[in-house]
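J.: what's the 3D shape of this:
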Amino acid sequence: QRFLSRGAEGSFDSGSLFSNATPVILGDEMRFYYGAYGSTAIGGGAAIEGDQQRSGVGLAVLPRDRFAGLRSVAISEQPTLKKPLMDTGQVTLKALDFTGCTDIVINADATGGEVRCELLNEDGYRMAGFEKELSVPLRKNAIRYRLSWKEKKVTELPPANYSLRIHLKHATLYAVTFR
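T.: Numbers count the residues shown, from 1 in each chain. Next comes the predicted model:
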């Protein structure tokens, strides 16, 4: 899917688009400024010198850190399942050293669904108190959602490497930040 498409015929950005190298981060937005011409970059013909030539600066805006995301699939018909899974997804991150980690923040849209998380030890076993069922679910659209569990806090973990497993139910995950 294209991030930035050319404009309608006759508009300043209907021919060529030239983006800047990096987005400008402003609050909870990522701003992508671009230059554009009504003619193409390769031989615009008469349009380059004609009165119809238009150029300008455009702006495309995305919510912060939402250039790409992982979303639950509508239906998963894996042959090993007794019945298909609907709007379900899961991602397990590589084990990281949690020494000094005080917060885990996610950027996700769970409007009409939910995101739950759990922590696993290096052997892949769930950590007591940090199971999916004990996580406080995200059930809305949030640029910054601090993960929490009903019984324990991340700061209570002994120093070690842990994996974060994220369960998506009709949701999209955009970013994870360890603080």
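J.: where in the chain is pLDDT low?
T.: Scanning the chain for pLDDT under 70 picks out the ranges 1, 41-52.
J.: what lies in contact with stretch 126-135?
T.: For stretch 126-135, the external contacting residues (Cβ atoms under 8 Å, 6 or more residues apart in numbering) are 116-121, 147-152, 156-157, 162, 165, 167. (Each C-beta comes from the backbone N, C-alpha and C, glycine too.)
J.: just the buried residues of these.
T.: R116, C117, E118, L119, L120, L147, W149, K152, L157, Y162, R165, H167 (16 or more other Cβ atoms under 10 Å).
J.: and these, which two are the farthest apart?
T.: Distances among the buried ones among the contacts of stretch 126-135 were taken as Cβ to Cβ; the most separated pair is L157 and H167, at 19.5 Å.
J.: give me the domain ranges for the chain.
T.: Per the record, the chain has its domains at 16-63, 70-178, by automatic domain parsing.
J.: for the shortest one, the distance to its chain's centre please.
T.: I take that to be domain 16-63. From the chain centre to the centre of domain 16-63 is a distance of 24 Å (Cα atoms, centre = their mean, to the nearest Å).
J.: distance of I75 from L81?
T.: Between I75 and L81 the computed distance is 11 Å (Cβ to Cβ, to the nearest Å).
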